[in-house]
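> Here's a sequence, model it:
(one chain, ligands or ions: 1)
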Amino acid sequence: MITIATLAEHPELVPDVVEIAWREWGGLQPEHEHARWLREAERDSRLHSPTSAAFVALDGDRAVGVVQLHEFELDDMRDRSPWVCGMVVLPEYRGAGVGSRLLAALEQFAAGQRVPRLWVFTEHATAFYERCGWQRHGVAVQDDGPGIVLTRVLS
Ligand SMILES: CC(C)(COP(=O)(O)OP(=O)(O)OC[C@H]1O[C@@H](n2cnc3c(N)ncnc32)[C@H](O)[C@@H]1OP(=O)(O)O)[C@@H](O)C(=O)NCCC(=O)NCCS
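Numbers count the residues shown, from 1 in each chain. Below you'll find the model as predicted:
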């Protein structure tokens with residue numbers, strides 16, 4: 001059974017969730033980025049605010065997915081905040097609703113913090129966010145290439 005928790009409740013899982021993200025995107029990154037990702041996840045596990053939070057999907061006590069909430073994502077869109085970052089589910093757990101449950105937990109938390117609107121930049125998962133009720137806002141370019149910015153108004 002999959003459960004959703006905060007990384008603040010499971011700081012011992014910080015290395016595991018970074019490993020999941022590193023397996024997905026680390027191949028394109030310089031090695032020193034790994035240490036920065038660890039520092040960010042450690043910060044997310046200590047804080048739990050609209051500018052630093054993380055949610056983890058668990059199968060028993062194993063981390064199988066993660067999503068973070070950060071103040072900024074794209075350098076040229078620092079007038080918008082906060083951003084959904086690092087959404088990733090282990091390949092063998094995809095297509096079973098884990099990602100949408102992680103996103104719903106993050107949205108519920110942000111709404112409770114009176115965040116009026118969330119943002120996300122994605123290269124390959126636009127359809128996932130649209131299935132989850134997000135609206136396309138426009139195109140943008142990050143270091144790795146072009147992608148789509150989507151937004152969701154929270155009630
Ligand atoms: C994107 C990702 C997190 C989705 O997680 P998931 O657990 O597979 O998502 P869910 O099972 O909750 O899917 C919810 C819906 O979105 C759809 N969906 C999921 N991933 C999709 C994708 N990459 N493209 C198109 N549709 C997708 C599912 O088919 C499902 O639709 P349904 O409601 O009609 O069944 C996962 O595919 C992943 O880790 N991808 C690689 C990393 C990535 O691209 N992350 C996004 C960074 S912004």
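> Distance check, the nearest residue to E123 once chain neighbours are set aside against W119.
Take E123 and drop its neighbours on the chain: the residue closest to it by Cβ to Cβ, 6 or more residues apart in numbering is G147, 4.0 Å away. No exception for glycine: its C-beta is placed from N, CA and C like everyone else's. Going from G147 to W119 by Cβ to Cβ, to the nearest Å gives 12 Å.
> Same question for V18.
From V18 across to W119, the span is 23 Å (Cβ to Cβ).
> Looking at the two, which has the bigger crowd around it?
More crowded of V18 and W119, by other Cβ atoms under 10 Å: V18, with 23 against 20.
> tell me the contacts of the more buried one?
The contact partners of V18, taken as Cβ atoms under 8 Å, 6 or more residues apart in numbering, are H34, W37, L38, A41.
> What's the ChimeraX syntax to select whichever of those residues are buried?
Here is the ChimeraX selection string for the buried members of those, based on 16 or more other Cβ atoms under 10 Å:
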select :37,38,41
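> Secondary structure class of H34, three-state.
Three-state call for H34 (DSSP: H, G, I helix; E, B strand; the rest coil): helix.
> Tell me if the residue nearest to E123 really is in a strand.
Yes - assessed with three-state DSSP, G147 lies in a strand.
> Could you pull up the residues touching it?
In this structure, G147 makes contact with F121, T122, E123, H124, V139, A140, V141, judged by Cβ under 8 Å, 6+ apart.
> where's W22 relative to the ligand, distance?
12 Å (Cβ to the nearest ligand atom, to the nearest Å).
> again, but for E40
Applying Cβ to the nearest ligand atom to E40 and the ligand gives a distance of 15 Å.
> give me the residue from this structure nearest the ligand.
G99 (2.3 Å; Cβ to the nearest ligand atom).
> in the sheet, who's paired with the nearest residue to that residue once chain neighbours are set aside?
Once flanking residues are discounted, G99 sits nearest to V89: 5.0 Å by Cβ to Cβ, 6+ apart. On the basis of DSSP bridges, V89 is bridged to G65.
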